[in-house]
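Engineer: Have a look; sequence and predicted model below, questions after that.
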Amino acid sequence: MIEVRNISKSFGEKKVIKDFSVNFERGKTNLVIGQSGSGKTVLLKSIVGINSIDSGQIIYDGRVYSEMDVKEKKEIRKEIGMLFQGGALFDYMTVQENVKFPLDMFSEMSEEEKIERVNFCLNRVNLTNSNKLYPSELSGGMKKRAAIARAISVNPKYLFCDEPNSGLDPKSSILIDNLIRELTVEFQTITIINTHDMNSVVEIGDKVTFILKGVKWWEGDRNDILFSDNPELNEFVYATELMKKLKSTKAKRTN
Amino acid sequence: MHAFNYIGRYFILLRYVFVKPEKRSIYWKMIIREIDVLGLDSLGITLIISIFVGAVITIQTASNIDNPLYPNYLVGFASRESIILEFSPTIVSLILAGKVGSRIASEIGTMRITEQIDALEMMGVNSAGYLILPKIIASVFINPFLVIISMFVSIWGGWIASVTTGLVSSSNYIYGLQYGFKPFTITYALIKTVVFAFIITTVSSCEGYYTRGSSLDVGRASTRAVVYSSIVILLFNLILTQLLLI
C-alpha cells in the first residue's frame, strides 16, 4: 500500500497541495481525478519524488519514502514504472532500445534475456514488429503503449500514469485503460492514474479520489461517483451531455 | 544577483555530473555516440571555415607587409602564428560553441520539457551524469583533433592563396612556416581547446538542463547557451593567454 499522509506542496507563495491524505491499494487501479490545474500532476510527481514535499509523509509498503536520502530513494525508484503524459520515450532510441534501457541500466540479464523480456513486454501491449521504429514514427497510441512496455519491463511494484489517454481517440483510450487495468491485476501493482477523462473513471475506477484546488474533496469508486450528492464533484462528473444522459438513464433504471 | 544564481546553479549541476556512473558500458556507448554527433559532424564546417580563413589571413598579412625591408617569408611566419595561437583554438571553438552549444542546449532542453529527464530520474538514473558527462568527455577528446586538423587545413589554405595570388612564393611561405617555430605554441593551443570544449559542453548543458516551459523556452535556452559560452570562452582566452604565454 502507498500511504499519503497530510502532504502539502507550495511553489513560492502558491499552495498547490493542501494537507492531502489518501491510501492506494495493491492490485487496484487508483484514479485521481480533477480539473486541469487542480493539482493532480503535482500530487503524482510529489508521490514519486520528482517534486519534494513541504510537509507530511509518503510511505511505500511501510517504507517512509519522503524521509529517505537520495541513494535510498533511487532503490525505491527501481521498483516504480511511470507513464508520462506524452510518453517521454527517448527520441534517439528505437522502441526496443527504449524498453530495454532500464534493463541495460539496472539488470544483470544477458543480452538474449533482455531481448526476450523486451519482446514479451511489447507483445503484452500489442506492439509487435515495432522494435526498430523510432518514437517519431509512432502514432500517439503506439507511443503510449511503448511507454507502458518500458514501464513494466522491470516488473514494477508501483505503476504511475499521468493522463495516460490524453490526446487519444476514444477507442485507443479504452484500449490503454483496459491494458493498464489488466497489467495491474496481472502483476499486482499499486497503480495510480491521473485523469480527467470520465470514460476512464467508469471503465477502470476501482478507487477514485477527486481533488479540487489541491484538497481531497471526495473518495469512492466508479459506482459511488455517479450517485454522489457532492455538488463540486457532480459539476465535474456531469460536465458533458453524455454523462448527463448516462445519469438520467441510470436513475430511470433504478426507479 | 542573477549572475550569482546562474553560477551557483552551474556548479551544483557539475556536482551531479561528476559522480560514479551507474553502468560504465552504457556511458561508453553514449561517449561514442557523442563523439560522432558533436565531433565528426562538425568536421565539415571546421574544414570549410579553416581553409577560407587560412587563405584570408595569408592575403591580409601579405598585403600589410609591404615594407621592402621585411623579408617575404614573414607572411608564412605571421600566418602560422595567427592560425596556431588564435584562429584554430579560439575562433574554431567559438564556431563550435554556436554549432555544438546550441545543439546540446536544445537537445537537453527538449528532453526536459518532454519529461524525458523526469523519466530518467524516475528510473533511478542520475540524469545529469548520464546526459552531460559523455558530452564533456567526447568534446574534450575530439575537439583537439578538430583544432589540429583546422591548423593544417588553414595553413594549407594560406599556401594555396599565396601561390595562386603570387603574393608569396611557395618556398618563402614554407620557409616562413618553419621559421622560429616553438612547439609550445601547439601545447598552448591544445590546452585552450580542452578548456574551451569543457566550457561549451557544460555551459550549454546547464542552459538545456534548467529549461522550463515550452519550445520557445528551448529556443531561448539555445541562444543563451551560445552567447554565454562565447563570452566565457573569450574571458578564459584572456586568462589562459596571460597565464601561459607571459
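Structural biologist: Happy to help now that I have it.
Engineer: For the stretch 51-200 of chain A, list the residues in contact with chain B, please.
Structural biologist: Taking Cβ under 8 Å from any Cβ of the partner chain as the test, the list of the stretch 51-200 of chain A residues beside chain B reads A:74-75, A:77-78, A:80, A:82, A:84-86, A:88-92, A:101-102, A:104-106, A:154. Every residue, glycine included, has its C-beta placed from N, CA and C.
Engineer: Could you turn the buried ones of the residues you listed into a PyMOL selection?
Structural biologist: Restricted to buried positions by 16 or more other Cβ atoms under 10 Å in any protein chain shown, the PyMOL selection for these reads:
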select buried, chain A and resi 74+77+78+80+82+84+85+86+88+89+90+101+102+104+105+106+154
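Engineer: got a list of what residue B:93 touches?
Structural biologist: Contact analysis of residue B:93 by Cβ atoms under 8 Å, 6 or more residues apart in numbering or on different chains lists B:143, B:147, B:192-193, B:196-197, B:200, B:233.
Engineer: in the chain, which ranges drop under the pLDDT threshold?
Structural biologist: Going with chain A. Residue ranges of chain A with pLDDT under 70: A:254-255.
Engineer: not quite, I wanted chain B
Structural biologist: For chain B (pLDDT under 70), the answer is B:1.
Engineer: Please enumerate the helices of chain B.
Structural biologist: B:2-17, B:24-34, B:43-64, B:74-82, B:92-96, B:102-113, B:116-122, B:127-165, B:170-178, B:184-209, B:215-245 (DSSP state H).
Engineer: Residue A:250 is nearest to which of those?
Structural biologist: helix B:116-122 (38.8 Å; Cβ to Cβ).
Engineer: does chain A sit close to the closest one?
Structural biologist: Yes. Counting by Cβ under 8 Å from any Cβ, chain A has neighbours in helix B:116-122: B:116, B:118-119, B:121-122.
Engineer: Of the residues you listed, just say which sits nearest to residue A:125.
Structural biologist: residue B:119 (16.6 Å).
Engineer: Secondary structure class of the closest residue to the closest one other than its chain neighbours, three-state.
Structural biologist: Nearest residue to residue B:119, sequence neighbours excluded (Cβ to Cβ, 6 or more residues apart in numbering or on different chains): residue A:88, at 4.1 Å. Using DSSP: H, G, I helix; E, B strand; the rest coil, the structure places residue A:88 in coil.
Engineer: Name all residues that make contact with residue A:88.
Structural biologist: The contact partners of residue A:88, by Cβ under 8 Å, 6+ apart, come to A:147, B:114-116, B:118-119.
Engineer: how far away is residue B:182 from residue A:24?
Structural biologist: 70 Å (Cβ to Cβ, to the nearest Å).
Engineer: the more surrounded of the two?
Structural biologist: Relative neighbour count places residue A:24 above the other of residue B:182 and residue A:24, with 22 against 10, counting by other Cβ atoms under 10 Å in any protein chain shown.
Engineer: Could you list the buried residues of the helix or strand hosting residue A:121?
Structural biologist: Using DSSP states H and E, residue A:121 falls within helix A:111-124. Buried residues in helix A:111-124, counted by 16+ other Cβ under 10 Å: A:114-115, A:117-118, A:121-122, A:124.
Engineer: just stretch B:5-14 next, same as before
Structural biologist: Neighbour counts over stretch B:5-14 (16+ other Cβ under 10 Å) mark B:10, B:13 as buried.
Engineer: Closest to residue B:164 out of the residues of helix B:116-122 next to chain A?
Structural biologist: Ranked by distance to residue B:164 (Cβ to Cβ), the residues of helix B:116-122 next to chain A are led by residue B:116 at 51.1 Å.
Engineer: how deep is the closest one tucked in, by neighbour count?
Structural biologist: There are 23 residues near residue B:116, going by other Cβ under 10 Å.
Engineer: need the contact list for it.
Structural biologist: Listed by Cβ under 8 Å, 6+ apart, the contact partners of residue B:116 are A:88-91, B:110.
Engineer: my guess is residue A:133 contacts residue A:94, does it?
Structural biologist: Yes. Contact between residue A:133 and residue A:94 holds when scored by Cβ atoms under 8 Å: they sit 6.3 Å apart.
Engineer: Next, the contact list for residue 85, please.
Structural biologist: Went with chain A since none was named. Neighbouring residues of residue A:85 by Cβ under 8 Å, 6+ apart: A:41, A:162-163, A:166, B:115.
Engineer: hmm, I had chain B in mind actually
Structural biologist: Residues in contact with residue B:85, defined by Cβ under 8 Å, 6+ apart, are B:185, B:188-189.
Engineer: can you check residue B:77 too?
Structural biologist: Going by Cβ under 8 Å, 6+ apart, residue B:77 touches B:176-177, B:179-180.
Engineer: What of residue B:137?
Structural biologist: B:31, B:34.
Engineer: picking that back up, buried ones among the contacts of residue A:85?
Structural biologist: A:41, A:162-163, B:115.
Engineer: thinking again about what came up before, between the contacts of residue B:93, which has the most around it?
Structural biologist: Going by other Cβ under 10 Å, residue B:200 tops the contacts of residue B:93 with 31 neighbours.
Engineer: residues in contact with that one?
Structural biologist: Neighbouring residues of residue B:200 by Cβ under 8 Å, 6+ apart: B:93, B:96-97, B:100-101, B:104, B:139, B:229, B:233.
Engineer: which one among these gets closest to chain A?
Structural biologist: For these, the closest approach to chain A (Cβ to the nearest Cβ) belongs to residue B:104, at 13.2 Å.
Engineer: I'd assumed residue B:202 was in contact with that closest one.
Structural biologist: No. Using Cβ under 8 Å, residue B:104 is not in contact with residue B:202; the gap is 9.4 Å.
Engineer: and residue 62, how many neighbours does it have?
Structural biologist: Because you didn't say which chain, this covers chain A. 7.
Engineer: wait, I meant chain B there
Structural biologist: Quick note: residue B:62 (other Cβ under 10 Å) scores 23 neighbours.
Engineer: does any part of stretch A:16-26 sit near chain B?
Structural biologist: No. If you take Cβ under 8 Å from any Cβ as the test, stretch A:16-26 misses chain B, and the best it gets is 15.6 Å.
Engineer: for the residue nearest in space to the middle of chain A, helix, strand, or coil?
Structural biologist: For chain A, the residue nearest the mean C-alpha position is residue A:161 (2.0 Å; Cα atoms, centre = their mean). Here residue A:161 is recorded as strand under three-state DSSP.
Engineer: Residue A:193 is in contact with that one, correct?
Structural biologist: Yes. Counting by Cβ under 8 Å, residue A:161 does reach residue A:193; the two are 4.4 Å apart.
Engineer: what's the overlap in contacts for the two?
Structural biologist: By Cβ under 8 Å, 6+ apart, residue A:161 and residue A:193 have these common neighbours: residue A:180.
Engineer: which residues touch the residue in the stretch 101-250 of chain A positioned nearest to chain B?
Structural biologist: Here the stretch 101-250 of chain A gets closest to chain B at one residue, residue A:102, 5.1 Å apart by Cβ to the nearest Cβ. Contact partners of residue A:102, counting by Cβ under 8 Å, 6+ apart, are A:150, A:153-154, B:123.
Engineer: One more: residue B:82?
Structural biologist: Contacts here follow Cβ under 8 Å, 6+ apart; on that basis residue B:82 touches B:57, B:61.
Engineer: Could you list the contact residues of chain B toward chain A?
Structural biologist: Residues of chain B lying close to chain A (Cβ under 8 Å from any Cβ) are B:22-23, B:25-26, B:33, B:110-111, B:114-116, B:118-119, B:121-125.
Engineer: quick revisit: among the residues of the stretch 51-200 of chain A next to chain B, which lie within strands?
Structural biologist: Judged by DSSP state E, strands contain the following of these: A:80, A:82.
Engineer: Quick one: the helices in the stretch 151-255 of chain A, in order.
Structural biologist: Ranges of helices within the stretch 151-255 of chain A are A:170-187, A:198-204, A:222-225, A:231-237, A:241-254, based on DSSP state H, counting those that start in this stretch.
Engineer: Fine, thanks again, bye for now.
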